[in-house]
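Student: below: sequence and its predicted model.
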Amino acid sequence: MIKLIPKQQKLSLREVKPGGKLIGKLKVPGDKSISHRALLFGSIAEGETIIKGLLPAEDPISTANCLRAMGVKISSIESDKVVSIQGVGLDGLKEPSEVLNCGNSGTTMRLLLGLLVGRKGRHFVLNGDKSLNKRPMQRVRQPLKLMGAEINGRSDGDLAPLSIVGRNLHGAVIGTPVASAQVKSAILLAALTAEGSTKVIEPTSSRDHSERMLKAFGANLEVSGERGRHISVWPGSKLLGQSIVVPGDISSAAFWLIAGTIIPNSELTIENVGLNPTRTGILKVMEQMEANIELINIRDVAGEPVGDIKVIHNDQLKPFKIDSSLVPSLVDEIPILSVAACFCDGTTKITGASELRVKETDRLKVMTRQLLRMGANIEEHPDGLTIHGVDHLKGNHLDSETDHRVAMSLAIASIVAKGTSTIERSNAAAVSYPEFWNDLERLRG
Ligand SMILES: O=C(O)C1=C[C@@H](OP(=O)(O)O)[C@@H](O)[C@H](O)C1
Ligand SMILES: C=C(OP(=O)(O)O)C(=O)O
């Protein structure tokens, strides 16, 4: 039902025929945010870190390769294989002899900036692919500069390639203008070797995996304030190697949660999904939609809440509202939620989501462009989308425009559309979910 069109393999043009139902159980790959952090923190800890369930996708592999280029020994990253890291300690990263290639990964570049600015006297150059080199880095550079960092690059230091000269840093109190876990985590990493304490104050709380994991590694870190918006770090503690279990990524599970809801006669159970409350905004939205979902077997795995999610098709979905207070907890799920909105009975409004414009693509623009090709009734606004439910979507020639979340969202939309679709650059999915197309094929039986 889904095939790569042979002559077009370079474009990874994939044909998706509509119809069929999705039935069965699946495990999604490891959480991308937790995987990056496990690699980074394990590298600067003392002793060995063992990671089970690390996401074997392009983005975390970029992080691992950058760390290897600075002398860290990391075993090969393959699915179902435990990864081991021989940590080099807080100040043990070597000056690399090559440019550090962050590929398509914003998390890699922004967290590395925080990690490297305090490595005194060493010089580092960070580069990314075409998409990453267009994404704003000033949001990290500016607060790090307040701590004494030296980062230079195009457009007054906003755009990669970026060069860093490691400096003595000092602690600071920093209010971040956007709720961004990447910005927060970069500051926390720099704070580990700064002189004096650092406090980050977020406008709304973003995902808190860094706080949880840094504490587990032994950092002196305190979370306070309403919904954990104030995070303080005191330098001087040693980080010690840990054993980490990475739960399944709710941002990858999102494609199956929506597929199971909108594809007639579907019934799916997604096992072992991370349910950290800073990430579960999609479940709140699915409640608004009156989707049939059930959380089963909720447990705690290595400091993160985890559970299984069962979803059954529902053809009477209510429209939903997403505003700025909800966006950080579902920021990567908005592309697939915009597909879901096309199948709701009424008008969905998404506001406060201008952050989507600075992701791998401008996701508000790209989802609007692609869904319009499918006959959706969708309007783009500076900070969001208005989507009116339609009777059906229609198959067409589509394009991920190189964005992994767009590729997977269009795949699900194509299954419920009338008529066959072709999706250009479908291989973008490998950035966060290398087995996506195989899982889709298997679930369709
Ligand atoms: O810290 C992280 O692991 C991430 C934070 C989010 O970005 P922002 O920090 O830009 O919101 C998210 O979109 C990204 O996929 C992963
Ligand atoms: C925005 C994303 O990742 P990053 O910022 O790490 O490129 C994403 O995975 O959707």
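Tutor: Thanks, I have it. Computed from a predicted structure; not experimentally measured. Numbers count the residues shown, from 1 in each chain. Ligands and ions are numbered 1, 2, ... in the order given.

Student: pLDDT at L192, what is it?
Tutor: For L192, the pLDDT comes out at 98.

Student: contacts only, for the residue in the chain that ligand 2 sits nearest to.
Tutor: Using Cβ to the nearest ligand atom, the single residue of the chain nearest to ligand 2 is G106, 2.7 Å away. To be clear about C-beta, it is placed using only N, CA and C from the backbone, and glycine gets the same treatment. By Cβ atoms under 8 Å, 6 or more residues apart in numbering, the contact list for G106 reads 132, 135, 182, 359-360.

Student: of the residues you listed, list those near ligand 1.
Tutor: Among the contacts of G106, proximity to ligand 1 is found for Q182 (Cβ under 6 Å from any ligand atom).

Student: possible to save the contacts of G106 as a markdown table with pLDDT?
Tutor: Compiled in a markdown table, those are given as follows (pLDDT from 0 to 100):
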| residue | pLDDT |
| --- | --- |
| L132 | 98 |
| R135 | 98 |
| Q182 | 98 |
| K359 | 98 |
| E360 | 98 |
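
Student: how about the contacts of G106, which pair is most distant?
Tutor: Between any two of the contacts of G106, the greatest separation by Cβ to Cβ is 13.2 Å, found for Q182 and E360.

Student: what segments of the stretch 1-150 of the chain are helices?
Tutor: Assigned by DSSP state H, counting those that start in this stretch, the stretch 1-150 of the chain shows helices spanning 32-44, 58-69, 106-116, 138-146.

Student: CSV for the ones you listed, including distance to R167 and mean pLDDT?
Tutor: Shown next, in CSV, are the helices of the stretch 1-150 of the chain (distance: least, Cβ to Cβ, whole Å; pLDDT from 0 to 100):
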stretch, distance to R167, mean pLDDT
helix 32-44, 17, 98
helix 58-69, 20, 98
helix 106-116, 10, 98
helix 138-146, 10, 98
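
Student: could I get those helices in TSV, plus columns for distance to L257?
Tutor: What follows is the helices of the stretch 1-150 of the chain, written out as TSV (distance: least, Cβ to Cβ, whole Å):
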stretch	distance to L257
helix 32-44	17
helix 58-69	21
helix 106-116	22
helix 138-146	30
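
Student: I'd like these as CSV, with distance to ligand 1 appended.
Tutor: Converted to CSV, the helices of the stretch 1-150 of the chain look like this (distance: least, Cβ to the nearest ligand atom, whole Å):
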stretch, distance to ligand 1
helix 32-44, 3
helix 58-69, 8
helix 106-116, 4
helix 138-146, 8
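
Student: what's the closest of those helices to A186?
Tutor: Closest of those to A186 is helix 106-116, at 3.0 Å (criterion: Cβ to Cβ).

Student: so what's the closest residue to W234 other than its chain neighbours up against?
Tutor: Using Cβ to Cβ, 6 or more residues apart in numbering and skipping residues adjacent in sequence, the residue nearest W234 is N220, 4.2 Å away. Listed by Cβ under 8 Å, 6+ apart, the contact partners of N220 are 233-237.

Student: so which residues on the stretch 301-445 of the chain come close to ligand 2?
Tutor: Residues of the stretch 301-445 of the chain lying near ligand 2 by Cβ under 6 Å from any ligand atom: 332, 359-360, 405, 432.

Student: number of residues surrounding the closest residue to C342 other than its chain neighbours?
Tutor: Leaving out its chain neighbours, the residue that sits closest to C342 by Cβ to Cβ, 6+ apart is A376, at 4.9 Å. Neighbours of A376 under the rule other Cβ atoms under 10 Å: 21.

Student: verify the stated contact: A376 with H392.
Tutor: No. Counting by Cβ atoms under 8 Å, A376 does not reach H392; the two are 10.1 Å apart.

Student: on that earlier part again, in JSON lines, list the contacts of G106 along with distance to T49.
Tutor: Output for the contacts of G106, formatted as JSON lines (distance: Cβ to Cβ, whole Å):
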{"residue": "L132", "distance to T49": "26"}
{"residue": "R135", "distance to T49": "29"}
{"residue": "Q182", "distance to T49": "21"}
{"residue": "K359", "distance to T49": "29"}
{"residue": "E360", "distance to T49": "28"}
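
Student: so which of the contacts of G106 wins on neighbours?
Tutor: E360 (26 neighbours).

Student: where does that residue land in three-state SS?
Tutor: Three-state assignment for E360 (DSSP: H, G, I helix; E, B strand; the rest coil): coil.

Student: and V223, that's in a strand?
Tutor: Yes. Counting by three-state DSSP, V223 is part of a strand.

Student: can you pull up the bridge partners for R299?
Tutor: Beta bridges link R299 to V306, judged by DSSP bridges.

Student: which residues of the stretch 101-250 of the chain lie near ligand 2?
Tutor: Taking Cβ under 6 Å from any ligand atom as the test, the list of the stretch 101-250 of the chain residues beside ligand 2 reads 105-107.

Student: now, which of these sits nearest N427?
Tutor: S105 (15.9 Å).

Student: what's the neighbour count on the closest one?
Tutor: The number of residues packed near S105 is 28, by other Cβ under 10 Å.

Student: next one: it from ligand 1, what distance?
Tutor: Applying Cβ to the nearest ligand atom, to the nearest Å, the value for S105 to ligand 1 is 9 Å.

Student: wait, that residue touches G128, no?
Tutor: Yes. Using Cβ under 8 Å, S105 makes contact with G128 at a distance of 7.5 Å.

Student: what's around S155, how many residues?
Tutor: S155, neighbours per other Cβ under 10 Å, totals 11.

Student: state whether it is indeed within a helix.
Tutor: Yes. Looking at S155 with three-state DSSP, it is inside a helix.

Student: and the pLDDT at it?
Tutor: pLDDT, S155: 98.

Student: residue ranges for the strands of the stretch 201-350 of the chain, please.
Tutor: Remark: strands assigned in the stretch 201-350 of the chain by DSSP state E, counting those that start in this stretch are 220-224, 230-234, 243-245, 267-274, 292-301, 304-312, 321-322, 347-350.
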